[in-house]
Each structure stands twice: as C-alpha cells, then as structure tokens.
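>>> Fold the following for me, if possible:
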Amino acid sequence: MKARKEGALADAEQIKGNGLNTNAALKQQVDDIDNLFSEEFNEFSTLWHTPLCHGDIEDKHDDNDNRNVNGDYGDVQVSNNRLKFSSLSSRFPHAPENAVSMWIADMDTAPSKHIAHAISAYVSSHYGYQSVDIGEVVAARYAKQGAVITANSVVSTASVMAAVDTALKVCTTKGDKVMVLSPTYGPLRERIAAQGLALVDVSIDDISISDSNANELGDEGRSDAGDEKGLEKNITALLDEDCSAFVLCHPNNPTGTVLSESLQHEIARFCKTHNITLILDEVHSEFGFVNTDTMANTTVNSAANTKSNTKHITHYGNNTSAIKPFAIDSQFAQDTIIRINSAGKAFNLSAIPAASYAIIANDELRDKFAREIDSCHLEASPVAKVALIAAYEKADDWLACVLKAIAFNRQYTKALMNILSPTIPFTLGEAGYFLWLNLNQRFVNDTFVEVCKRGVIGVDGASFNAPGYLRLNLACHPSAIKTALLRLFS
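Numbering: from 1, shown residues only. Here you go, the predicted structure:
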C-alpha cells in the first residue's frame, strides 16, 4: 500500500488552508513530537478517514488503508452528509470554510463489518413485528467486566436520552430537586429542566478534592466497618439529601473523570440512605485508558484528575480497558440504581442507532419503567437489537483496535499541549475520547466565537455549565488534532 508506506505524517498537510503562523522554534518542537510518535502515527492514522474539514473528503489512500489487519472494517464509502460536517456555516457562522470539525461525539472510522453483515442478513429475511431479546447478551457483556447482572433486569430503549427521560418520569415529581455532577453532558441538564425539576449542581472539582483528601487519610481515616470517615463527612456536605434523583454521567462527559471505588461506594450509600434514585449514564464506559502516558511523559493540568481503582478495570489490550460499572460492588444500593448504556458510542453506530438499555435490579421500579417505555413506544427496534448483539458478540477485535488508536491520540494530544500551551489547564481524564480545555485565560471574551473564528469547531463549555471551556472530540485523524491545537495556540 503505497500511501501507507509514504508515511501518514503527510496527512497533516492535507487539511487545506491552515493559515498557521508558527515561529521556527515552535515548528521545530512540533516536528520533534511528530518524529517521536512517527511509528505510531503511521500505524494508527490509517484507521481514520482524512482529512476532516467541512465535509471535504480527499481520499489519498488506497482501498485498504482504512481497514485494520484483521479486515474487520467495512468498505470505505465516506458520506458528506454526516451531521459532523454538514451545514456547518449555519450551525457555526463564525467558522471559516476550512474549519476542523471536532464537536459531535461520533468517531471518524467505519464500524465493524460484522455488524453491517448481521443487519443486512436480518432485514433481508425478517418482516412484520419481531421479538428480539438482548438480556442474555447484555448480561454476558457485563460479566466480562466482572459485574453480575441478571438478564431479566435489562429493559431495551430506543436511546440513552429516552431512558434518562423515562427514569426521571418514574422516580420524580414536578418541582423535585435532581443532582448532577457538574460539568456534565448538556442534554442531561436539558431533560431535567424540561420536566420541571430543579437542577442541583455538584462540582466535580469538589468531589475530586474530597476524594483526594480521603485517600490521604489512610488507615487512620477508616472506621472498623471499612468506611472512610473523612470521605463520608465531605460527601455529606457536598450532596443534597432532599433530592429525589442523582443523574450521574460516569465516566464523566466532558472531563473523562472516573471516580474512585471508595467515592462510588459513598455516593451509592448516600443515595440509598436518603431514598435518592441514582440514574447512571455509563455510555462511555468502554473507553477506559490506564497508564497510557509512558511515551509522552507528560502531566495533565486538571483539578478533576481523580484517581480510579485499577482493580476495577477489564483490559481489552495494551493500556486500554472498560471501566467497571459504577458502584457495582455496593450490593446494598442496587435497588436504588438505574443503569443506562448503549452499544452506540463504543461501536460507532449512531447512524443506526444500536439498541440502548436500562439495567434495573428492583422489580417494582423496573416494571414501572418498562410500562412507561412500552406506553410511549420507546423500546429499541429489532434492527437496533441485532446491531447490539453483533457488536457485543463479534466486534471486540474492532473495538480493541479503535481503543489503541484513541489511546495514541490522547498521548499525542498531551505531548502537543505541553509544547504549544503548557500553562493552559486541560484534562482527558481516565476515560473517553474528549479533550476538555479551560480557555478562560486564552480567550477572555466570547471564547467559543473566538475559537470558531480560528477554524476549530468543538462544543461550547457553556452547554456543560462551564463557560470558557471547550470540548474537542479526539476520535479522529491525528492530523486534525494537530491542526486544531496549532490554530488555537500558535
């Protein structure tokens, strides 16, 4: 494959009209980073469609360049009508035509061909209303992560947000208070407000500080029952016992924060004690990254750089892992938890989409939830369930390859950040494929507008209740990451 042999570093030049004014010294430092990562750049960049600017796809690779070694990728037929690239001029009027699009949370790589084959076979041989069960497959998936759930605790849903909305309906009444860990995914906040519920923000920075302080207590801070007194005291002060629900995105979107096992336990205990339903959005749990900094030798500036317990991960490959379900070992609290997940994010199936689901151990709560889903026709479609089954049973090799490519992008991003802007606070956390940037010092006024004007399209931090911040999607070609960071910081 000639294009691959020529070296994927050349892709960095394919994004048109960069207009970058980098001085010679800075350019040399960036070149040094590229040289340091050249082998991995060549290996992983061929996974991604390139370049990624305003819907213009200039395919300089041959037919095999966007497939991994086991041939698990479908034919590369890139469509310009992807939401990520379409109608950017109306969505982001301040952005130039050659803007790098890194906003919406999908990945710039073709899904596993096994999923497409399963869907094709199903739709060509089935018609009429169909019954497809995903309970056993979901239970088996969680068993791989060391979590025991029963198949009958699974309720399929059309989407994660439909499940969140339904969970709020069955466990709250208009006017109730609902906690969220802030910053958090904007649509979660929107659904809470839309139901006439009062948002109570719990700062992820405060939670992280509480967690760090408790870890420093050591054995002296533990009671005979194994609880951490300092941690319990801090959590009691941070959380609101008068809430009816706690909507918790874990791992966190946008910060990538993974809360420690002890902190998960105490949050679950608090919710159980005060009869608060814990609604967990765990859709990014497949994207866990542990010890992925060995090459970059960099430090992330983040107040939310929370430690996670490494015994609570399941490895897919080098430095990549699935985050174990939140508080899954706190058996006393399972009756107050609604877990929500999907194969859509991990296997890049937003175009279908793949089935989402809720896991609810409490029989009464599950029946109430299922009746609401059924009455609103919000169950996942049979095709969506087929996609989930194929993803969970046949696409792990595909996922392992993608996770390694994202792990490289995270390393590359950290190395570039330390060169281009070592004083700007940022985090990648321990999970997810987002770069969370604090740009309040860089762009004092109209931060998001200024970022767009520089030709970088991310998600405005204001939608996460964090004005002045920016979320960038790193599940893309590394040349897009390089161009975006150079535009922001050179």
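>>> Where does the prediction get shaky in the stretch 101-250 of the chain?
Along the stretch 101-250 of the chain, segments meeting pLDDT under 70 span 210-233.
>>> Now do the end-to-end distance for stretch 255-264.
17 Å (C-alpha to C-alpha, to the nearest Å).
>>> Report the distance from that stretch to the chain centre.
Centroid displacement of stretch 255-264 relative to its chain, using C-alpha atoms, centre = their mean, to the nearest Å, is 14 Å.
>>> other SSEs contacting the longest helix seen in the chain?
Ordering each helix of the chain by length in residues (DSSP state H) puts helix 396-420 first. For helix 396-420, the packing partners by 3 or more C-beta pairs under 8 Å, 6 or more residues apart in numbering; DSSP states H and E come out as helix 24-36, helix 38-45, strand 288-289, strand 313-317, strand 320-323, helix 478-489. Any C-beta I mention is one placed from the backbone N, CA and C, and that applies to glycine too.
>>> of the ones you listed, which approaches Glu266 most closely?
Closest approach to Glu266 among those is made by strand 320-323 (17.9 Å; C-beta to C-beta).
>>> and that closest one, average pLDDT?
The average pLDDT within strand 320-323 is 84.
>>> tell me the strands in the stretch 251-400 of the chain, going along the chain?
With strands called from DSSP state E, counting those that start in this stretch, the stretch 251-400 of the chain shows them at 277-281, 288-289, 313-317, 320-323, 337-342, 356-360.
>>> Verify the assumption that His94 is located in a strand.
No: His94 is assigned coil when assessed by DSSP: H, G, I helix; E, B strand; the rest coil, not a strand.
>>> what's the pLDDT at the nearest residue to it once chain neighbours are set aside?
Spatially, and ignoring its direct neighbours in sequence, His94 is nearest to Cys452 (4.1 Å; C-beta to C-beta, 6 or more residues apart in numbering). Looking at Cys452, its pLDDT reads 97.
>>> what distance separates the longest helix of the chain from the middle of the whole chain?
Using C-alpha atoms, centre = their mean, the offset of helix 396-420 from its chain centre is 14 Å.
>>> First residue to last residue on stretch 433-444, what's the distance there?
Stretch 433-444 end-to-end distance (C-alpha to C-alpha) = 26 Å.
>>> With stretch 440-451 instead?
11 Å.
>>> Would you mind listing the buried residues in it?
Arg442, Phe443, Thr447, Phe448, Glu450, Val451 (16 or more other C-beta atoms under 10 Å).
>>> from these, which is closest to Asp31?
Arg442 (23.4 Å).
>>> contacting residues around the closest one?
Counting by C-beta atoms under 8 Å, 6 or more residues apart in numbering, Arg442 touches Ser421, Ile424, Leu488, Phe489.
>>> Tell me what angle the longest helix of the chain forms with helix 24-36.
160 degrees (axes from the mean of the first three to the mean of the last three C-alpha atoms, to 10 degrees).
>>> and the direction of helix 396-420 versus that of helix 38-45, what angle?
Going by the same axes, to 10 degrees, helix 396-420 makes 130 degrees with helix 38-45.
>>> circling back: could you say which of the helices and strands packed on helix 396-420 is packed most deeply?
strand 288-289 (a mean of 27; mean count of other C-beta atoms under 10 Å).
>>> which strands and helices sit next to it?
Strand 288-289 packs on strand 320-323, helix 396-420, going by 3+ C-beta pairs under 8 Å, 6+ apart.
>>> could you dump those to CSV with distance to Val202?
Putting these into CSV (distance: least, C-beta to C-beta, whole Å) gives the following:
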stretch, distance to Val202
strand 320-323, 20
helix 396-420, 26
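>>> got the helices and strands packed on helix 396-420 as JSON lines, with distance to Ala99 columns?
Shown next, in JSON lines, are those (distance: least, C-beta to C-beta, whole Å):
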{"stretch": "helix 24-36", "distance to Ala99": "20"}
{"stretch": "helix 38-45", "distance to Ala99": "20"}
{"stretch": "strand 288-289", "distance to Ala99": "27"}
{"stretch": "strand 313-317", "distance to Ala99": "33"}
{"stretch": "strand 320-323", "distance to Ala99": "30"}
{"stretch": "helix 478-489", "distance to Ala99": "9"}
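>>> With Ile267 as the reference, name the closest of those.
The nearest among the helices and strands packed on helix 396-420, by C-beta to C-beta, is strand 320-323 at 15.2 Å.
>>> Please state the mean pLDDT value computed over the longest helix of the chain.
95.
>>> relative orientation of that helix and helix 478-489 in degrees?
Using the same axes, to 10 degrees: helix 396-420 against helix 478-489 is 30 degrees.
>>> What is whatever helix or strand comes next after helix 396-420 packed up against?
Per DSSP states H and E, the first helix or strand lying C-terminal to helix 396-420 is strand 426-427. Counting contacts by 3+ C-beta pairs under 8 Å, 6+ apart, strand 426-427 packs against strand 434-438.
>>> I figured Asp34 hits Asn42, correct?
No: with contacts counted by C-beta atoms under 8 Å, Asp34 stays clear of Asn42, the gap being 10.7 Å.
>>> circling back to that earlier point, redo the contacts of Arg442 as TSV? Include distance to Ile279.
Shown next, in TSV, are the contacts of Arg442 (distance: C-beta to C-beta, whole Å):
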residue	distance to Ile279
Ser421	36
Ile424	33
Leu488	35
Phe489	38
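>>> Spatially, which pair of those is furthest apart? Let me know, please.
Ile424 and Leu488 (8.8 Å).
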